[in-house]
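Student: From the sequence below, what's the structure:
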Amino acid sequence: MIVNVTGVLYRWESRRDDWYFIPLPEEVSADIREVPRPGRGFGSIPVEVTIGSSRWRTSIFPDAGRGVYVLPLKRSVREREGISDGDAVRARLDVFDG
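Tutor: Below you'll find the model as predicted:
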């Protein structure tokens with residue numbers, strides 16, 4: 001499943017270190033939830049992400065408070081792509097089914 005999303009980057013306030021995430025839209029999160037998958041740690045789902053010229057593999061995670069999946073965005077990508085807290089970010093996700 002390939003999806004294109006836009007979300008506003010936010011800093012996870014529960015941690016002292018810098019963890020940043022992009023929330024996926026509700027309808028995209030619902031579509032991802034519908035695909036049966038084997039259980040993984042923290043409900044994570046492996047993805048390949050493209051933002052600008054950056055491409056890498058990571059996992060998305062369910063955020064119970066928001067009711068959507070969130071995409072972690074590491075510092076190296078934020079710096080390379082010039083992304084800051086509060087920016088709207090466009091991403092292409094190749095969501096792995098198995």
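Student: So V3 sits against V28, correct?
Tutor: Yes: counting by CB atoms under 8 Å, V28 is a contact partner of V3 at 5.3 Å. C-beta here means a position set from N, CA and C on the backbone, and glycine is covered the same way.
Student: The two: which is more packed in?
Tutor: V28 (20 against 17; other CB atoms under 10 Å).
Student: does the more buried one count as helix, strand or coil?
Tutor: helix (DSSP: H, G, I helix; E, B strand; the rest coil).
Student: Tell me which stretches of the protein form strands.
Tutor: Here the chain has its strands, by DSSP state E, at 2-8, 10-11, 20-23, 45-51, 54-63, 68-72, 88-95.
Student: which residue sits closest to the residue nearest in space to the middle of the chain in space, ignoring its chain neighbours?
Tutor: Residue closest to the mean C-alpha point of the chain, counted by CA atoms, centre = their mean, is L71 at 1.4 Å. Among residues not flanking L71 along the chain, I22 sits closest, at 4.6 Å (CB to CB, 6 or more residues apart in numbering).
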